[in-house]
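# Quick check, what structure comes out for this input:
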Amino acid sequence: MKRKLYSYQRWSSAVQAEGTTRERQSNSAQKYADENGFELVEIKDEGISAFRGVNATRGALAAFIRAVEDGFIPRDSHFYIEGLDRLSRDRILKAIGLFNDLLELGITIITGSDGKKYTEESVNENSMDLLQSVLLFSRAHEESKTKQMRTNGNALVLIKRFQDEGLPVTIKSVGSHPWWIDASTGKHEQVGRHPFYWPIAQFAMNQFLEGKSAFKVNHLLNEKYPNGYKGKAWAVANVRKLRTNPAVYGLREITVAGIVYKLPGYFPALITEGQFYRLEQIRKTTKYLGKVSEGRTIIDKDGNERVIAERNNINLLAGMRIFRCGHCGSTMMAMVNGGKIRYLCEKGRGYNQGCKTWSMPGLLVEHTLMIVTALSYIQLQMKGKNQGEDYSQQIISTEALISDISTRINRGTTLILNGLGNNEEVIKQLQDLDEQKKRLIIELEVLQRKQILANDDTFENLMMKFFEYSKFNVLQDPMHDYRTYLRNIVRSSISDVRAWKIDRKLYVSFQIKGEELYYNFGPGNSAYEWSYELGELPKFSSVYAETTETVDRLRKIANSEESIAKISSNAHDVYKGGMARIQVAMNLLRQNDYPELDSKLFWPRK
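Numbering: from 1, shown residues only. Purely as a prediction, here's the structure:
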């Protein structure tokens, strides 16, 4: 069996990869292996710089060193590199340290540029070998340092052109461009939308705005655009980065000599800045959703074991102490059966005596809950509207503050660009200003949305914010990220929920905070119909005995003059009649992809 020759190949930029660098290193190693009877094994660090020793701490080189230390690769192996500068361009002591570590592991280092071999023994016996390596590493570091200064200088000139003169630029020498951007433009041209990747990124961002998680978006991308990420399957890590990258709203952040420069409007935007910060807020408020169970083990297509993490389900009512069994008063708890939520009486589950085992579909509870919550939201917005609130001055004031902060940020950046001022102090001020700006942008978007609501007479627009989080697919998906936001709306809107199962029929009642009456839903007069009434909380004579008078009252549609008078007691409410108010909420939910309330759910078979 042939001994292995481990060829370490590294390049730090896409330009080098597309040029002759990669091919030259590979061909040189193959030639040496053929001439000396080795089997070639290539170790590649693509796009990793050796200037700051990054390749020694992560990537293929770091993995190779760990494998030798752990005994997976023999300590007397041969390690081929084009030149010592491929190994390190770090400061001399760091570079020599890495060089020495490899030799002490028993590795023989071969440099293709001069055919020289280095071993621990040869370096100890011949000090000139060590001196030569010191000189080579020193030269490599100085070359990289000079190149960096030149590169940084070119980048700063383009940054200044963009920030001070407002002229288009494409900065390739520092950092990289995201995959959905076409950066094949000249240095004095604006980057564009990538013809293939832009629509994919747009699709992904639309899914995020609808509330889907990175896991779900990744799954959809692999379904809709298989092997669409540089010829490979989409990975959750890459999809998650898309959602958190400020480039999606046009901002490019470039680090030059340890200083971060922000270039707003550098990229074409996929979403607005306000939408980006709103997604950021949603991630923070739902971050505990990332907690997973231990997961399950599967065998992938390559025969390898992988653990698939399983995320928790999110119900809209359980755990708030407001949803109770109407029979015994104990808490209704949530369970998942077949990927769907059901609510069941805690006592009836067998923990205590005093109530039968019974449950009801989560979709029935949550669909009716959304109807009442939507109605509560309408009333809340109508109260604000009738008070004649005007947010225009707040909007103008907030816009002025944002503009002022942007000007101050630009001035501070100009100071740094021109080498003036205390860099550390200015950078701290810029960071503080940037945080203030983010908060104000979020406040501005909220004010603008409130102003739209205040100026528009249609209920559809009054429900705009609520609609954003309450689409029907959110109810159907127990793990949807937006369900946490809906829980917060429910918590602030609903004070009491009760449910009953009587004679194989289901009833559920909701009370809006600040109101005395209940919104009662139940079966209709005929099989597989449903009914609604606004009134007092139903009172059944015993735990399972049916009171005909009460049940009949539940089944009626509240269209009497007495009911209408109760409902329209507030002068501002233009909709009169219990069913009319519910119909308003239901009509609005239909525009949010809600189907008709499934009346069969009130009539379970068991």
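# List the beta-bridge partners for the spatially closest residue to Ile107 that is not a sequence neighbour.
Closest residue to Ile107 apart from its sequence neighbours, by CB to CB, 6 or more residues apart in numbering: Phe79 at 4.9 Å. Any C-beta I mention is one placed from the backbone N, CA and C, and that applies to glycine too. Listed beta-bridge partners, Phe79: Tyr6, Ile109 (assigned using DSSP bridges).
# so Phe79 touches Leu105, yeah?
No: counting by CB atoms under 8 Å, Phe79 sits too far from Leu105 to count as a contact (9.4 Å).
# Give me the more crowded residue out of the two.
Under the criterion of other CB atoms under 10 Å, the comparison of Phe79 against Leu105 puts Phe79 first, with 23 against 17.
# what about that one, distance to His194?
The gap separating Phe79 from His194 is 38 Å, by CB to CB, to the nearest Å.
# Same question for Glu210.
When distance is defined by CB to CB, Glu210 is 23 Å away from His194.
# now do Lys505
For Lys505, the distance to His194 - CB to CB - is 58 Å.
# What of Glu165?
Counting by CB to CB, the gap from Glu165 to His194 is 26 Å.
# Neighbour count for these two, which is higher?
When neighbours are counted by other CB under 10 Å, Glu165 and His194 differ, and His194 comes out ahead with 19 against 9.
# Please name the nearest non-neighbouring residue to that one.
Once flanking residues are discounted, His194 sits nearest to Asp182: 4.5 Å by CB to CB, 6+ apart.
# try Phe276
Closest residue in space to Phe276, ignoring its immediate chain neighbours: Tyr249 at 4.6 Å, by CB to CB, 6+ apart.
# right, and that neighbour touches Thr272 too?
Yes: contact criterion CB under 8 Å: Tyr249 and Thr272 qualify, at 6.1 Å.
# between those two, which one's more packed in?
The residue with more neighbours, out of Tyr249 and Thr272, is Tyr249; 20 against 14, by other CB under 10 Å.
# which stretches of the stretch 101-250 of the chain form helices?
In the stretch 101-250 of the chain, the segments counted as helices under DSSP state H, counting those that start in this stretch are 120-125, 127-165, 197-209, 214-224, 236-244.
# domains for this protein, by residue range?
Per automatic domain parsing, the structural domains of the chain span 4-143, 177-274, 323-383+467-602, 388-457.
# quick one: which of these is nearest Asn315?
Among the domains of the chain, domain 323-383+467-602 comes nearest to Asn315, with 3.8 Å by CB to CB.
# Tell me which stretches of the stretch 251-400 of the chain form strands.
252-256, 259-263, 296-299, 305-308, 323-325, 332-337, 340-345, 359-361 (DSSP state E, counting those that start in this stretch).
# Asp404 is nearest to which of those strands?
For the strands of the stretch 251-400 of the chain, the distance to Asp404 is smallest for strand 259-263, at 16.5 Å, taking CB to CB.
# buried ones in that closest one?
259, 261-263 (16 or more other CB atoms under 10 Å).
# same thing with stretch 266-273?
Neighbour-count burial for stretch 266-273, counted by 16+ other CB under 10 Å, picks out 266-271, 273.
# related to what we said a few turns ago, mind putting the strands of the stretch 251-400 of the chain into JSON lines with mean pLDDT and distance to Ser397?
Shown next, in JSON lines, are these (pLDDT from 0 to 100; distance: least, CB to CB, whole Å):
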{"stretch": "strand 252-256", "mean pLDDT": "86", "distance to Ser397": "28"}
{"stretch": "strand 259-263", "mean pLDDT": "85", "distance to Ser397": "24"}
{"stretch": "strand 296-299", "mean pLDDT": "42", "distance to Ser397": "54"}
{"stretch": "strand 305-308", "mean pLDDT": "41", "distance to Ser397": "50"}
{"stretch": "strand 323-325", "mean pLDDT": "91", "distance to Ser397": "42"}
{"stretch": "strand 332-337", "mean pLDDT": "83", "distance to Ser397": "44"}
{"stretch": "strand 340-345", "mean pLDDT": "86", "distance to Ser397": "44"}
{"stretch": "strand 359-361", "mean pLDDT": "90", "distance to Ser397": "49"}
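# would you turn the domains of the chain into CSV with distance to Val169?
Shown next, in CSV, are these (distance: least, CB to CB, whole Å):
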stretch, distance to Val169
domain 4-143, 17
domain 177-274, 6
domain 323-383+467-602, 36
domain 388-457, 14
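# one step back: between the buried residues of stretch 266-273, which sits nearest Gly339?
Using CB to CB, these come closest to Gly339 at Ile271, 30.6 Å.
# right, and the closest one touches Val248 too?
Yes: between Ile271 and Val248 there is a contact under CB under 8 Å: 5.6 Å.
# For those two, list the residues in contact with both.
The overlap between the contact sets of Ile271 and Val248 (CB atoms under 8 Å, 6 or more residues apart in numbering) consists of Met205.
# Do me a favour and average the pLDDT over stretch 115-127.
Here stretch 115-127 scores 83 as its mean pLDDT.
# The chain should start at 41 in everything you say after this.
All right, first residue 41 from here; so that's stretch 155-167.
# got the CA positions of it in CSV?
What follows is stretch 155-167 as a C-alpha-only set of coordinates in CSV (Å, rounded to 0.1, in the frame of the first residue of the first chain):
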residue,chain,number,x,y,z
GLY,A,155,11.9,20.9,-3.1
LYS,A,156,13.2,21.3,0.5
LYS,A,157,12.3,19.0,3.3
TYR,A,158,11.9,20.0,7.0
THR,A,159,11.8,17.6,9.9
GLU,A,160,12.3,18.1,13.6
GLU,A,161,15.7,16.4,13.4
SER,A,162,16.9,18.3,10.3
VAL,A,163,16.0,21.7,11.8
ASN,A,164,17.7,20.8,15.1
GLU,A,165,20.9,19.7,13.3
ASN,A,166,21.0,22.5,10.8
SER,A,167,20.2,25.9,12.2
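# any idea where the helices of the stretch 491-640 of the chain begin and end?
Ranges of helices in the stretch 491-640 of the chain, per DSSP H, counting those that start in this stretch, are 499-502, 504-509, 512-516, 522-533, 588-595, 601-607, 618-630.
# Show me what the longest one is packed up against.
This means helix 618-630. Judged by 3 or more CB pairs under 8 Å, 6 or more residues apart in numbering; DSSP states H and E, the packing partners of helix 618-630 are helix 402-426, helix 499-502, strand 570-575, helix 601-607.
# List the buried residues for the first one?
Going back to what we said before, that points to helix 402-426. Buried positions in helix 402-426, judged by neighbour count with 16+ other CB under 10 Å: 402-422, 425.
# likewise stretch 222-235?
Within stretch 222-235, the residues that count as buried by 16+ other CB under 10 Å are 222-223, 231, 233-234.
# give me the low-pLDDT residue ranges for the stretch 91-240 of the chain?
91-95, 129, 167-171, 173-175, 177-178, 180-193 (pLDDT under 70).
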